[in-house]
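Trainee: Give the three-dimensional model of this entry:
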Amino acid sequence: MNQSENPPKSGFEKLIDYFNKYLDLNHPIAIAKIVEDTGFSWSFIKKTLAKIKDEYDGFHFEKSGSTWITWKDRDHLIKKLDETCSRLLDEP
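Mentor: Predicted structure coming up:
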């Protein structure tokens, strides 16, 4: 398949790729660094990171002081699984 047959990546997919390829394990960075590296707007990145936090494992996103920071704790972010044995631990 040549490049012209591949659909363009969405901003969401580009941010997942950024985290998987360029972010070091357990090394927090500020949203401003992601803005600088990707060219996406601060508001787009914050909104998208909130979505990634809800949908992916190995990803952290929180406010530290007056700065929003993010980091990963595994080599590649993976989509959360709905049905796993661990869900039984959360049930009463």
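Trainee: Report the buried residues of the top helix by length along the chain.
Mentor: With residue count as the measure and DSSP state H as the assignment, the chain has helix 42-55 as its longest helix. By neighbour count with 16 or more other CB atoms under 10 Å, helix 42-55 contains the buried residues 45-46, 48-49, 52. All C-beta atoms are positioned from the backbone trio N, CA, C, and that covers glycine.
Trainee: Just give me the neighbour total for residue 15.
Mentor: The number of residues packed around residue 15, counting by other CB atoms under 10 Å, is 22.
Trainee: so what does the longest helix of the chain touch, helix or strand wise?
Mentor: Under the contact criterion of 3 or more CB pairs under 8 Å, 6 or more residues apart in numbering; DSSP states H and E, the helices and strands touching helix 42-55 comprise helix 11-22, helix 31-38, strand 59-64, strand 67-72.
Trainee: which residues sit against it?
Mentor: Surrounding helix 42-55, the residues in contact under the criterion CB atoms under 8 Å, 6 or more residues apart in numbering are 11-12, 15-16, 19, 31-32, 34-35, 38, 40, 59-61, 68, 70, 77, 79-80.
Trainee: leaving aside the residues next to it on the chain, what's closest to residue 35?
Mentor: In space, not counting the residues next to it along the chain, residue 35 is nearest to residue 42; the distance is 5.4 Å by CB to CB, 6 or more residues apart in numbering.
Trainee: I meant to write residue 64 there.
Mentor: What sits nearest to residue 64 in space, not counting adjacent residues and going by CB to CB, 6+ apart, is residue 28, at 7.5 Å.
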